[in-house]
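[1] Give me coordinates for this.
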Amino acid sequence: MIDLGNLTPAEGSVKNRKRIGRGNASGTGRTAGRGHNGYHARSGSKAKLYFEGGQMPLMRRLPKRGFKNYPFKKEVQIVNLDRLVSLNLDKIDVNTMIEVGLIKKSHQLVKVLGVGDVGTSIEISADMFSKSAIEKIEKAGGKAIFV
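    Modelled structure (predicted):
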């Protein structure tokens, strides 16, 4: 029976570590596989991943374009009107959307988009609404409440 106590590696899968710098007879004596002198022959030599031997690095050769707005980026969760209408509720807010599974995070902004038709009057509370969503909600006699 095989269990954790008597597991062994497959035949030929495990080799002994090559012992570097243990005399010429070992095959890696003298310079220990590091070549003759030079930067990498010394201890403590490790060039950065992007280092190109003094040549102008790729990131500095390429032109810079565009604008990155990462620090001020607003993450928004999107909900379509047809999904909200299918809930058949009179009042819908962020907590209701989380309970039903339309959105996942309570701290993130929620935007309601105007995809779908509204038949009955619904009161929807959210952070943002598209113009078409507001028009459809108010046309059906409902309210779009900005939180």
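
[2] hey, let's count contacts and neighbours off CA atoms from now on
    Will do.

[3] So this structure: which segments form each domain?
    Taking automatic domain parsing as the reference, the chain has its domains at 16-65, 71-146.

[4] Kindly export stretch 129-147 (C-alpha atoms) in CSV.
    Extracted C-alpha coordinates of stretch 129-147, given in CSV (Å, rounded to 0.1, in the frame of the first residue of the first chain):
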residue,chain,number,x,y,z
PHE,A,129,-27.6,56.9,-14.2
SER,A,130,-27.3,57.2,-17.9
LYS,A,131,-29.6,59.8,-19.6
SER,A,132,-31.6,57.1,-21.3
ALA,A,133,-32.1,55.2,-18.0
ILE,A,134,-33.5,58.4,-16.3
GLU,A,135,-35.8,59.0,-19.2
LYS,A,136,-37.2,55.5,-19.2
ILE,A,137,-37.7,55.4,-15.4
GLU,A,138,-39.4,58.7,-15.3
LYS,A,139,-41.6,57.9,-18.4
ALA,A,140,-42.9,54.8,-16.5
GLY,A,141,-43.7,57.0,-13.5
GLY,A,142,-40.7,56.0,-11.4
LYS,A,143,-37.9,57.9,-9.7
ALA,A,144,-34.1,57.8,-10.2
ILE,A,145,-32.5,58.8,-6.9
PHE,A,146,-28.8,59.7,-6.8
VAL,A,147,-27.1,58.4,-3.7
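
[5] Show residues contacting that stretch.
    Here stretch 129-147 makes contact (Cα atoms under 8 Å, 6 or more residues apart in numbering) with 81, 111-115, 117-128.

[6] Using ChimeraX, make a named selection holding only the buried ones among those residues.
    The buried residues among these can be selected in ChimeraX (16 or more other Cα atoms under 10 Å) with this line:
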select :81,111,112,113,114,118,121,122,123,124,125,126,127,128
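
[7] All good on my end, thank you.
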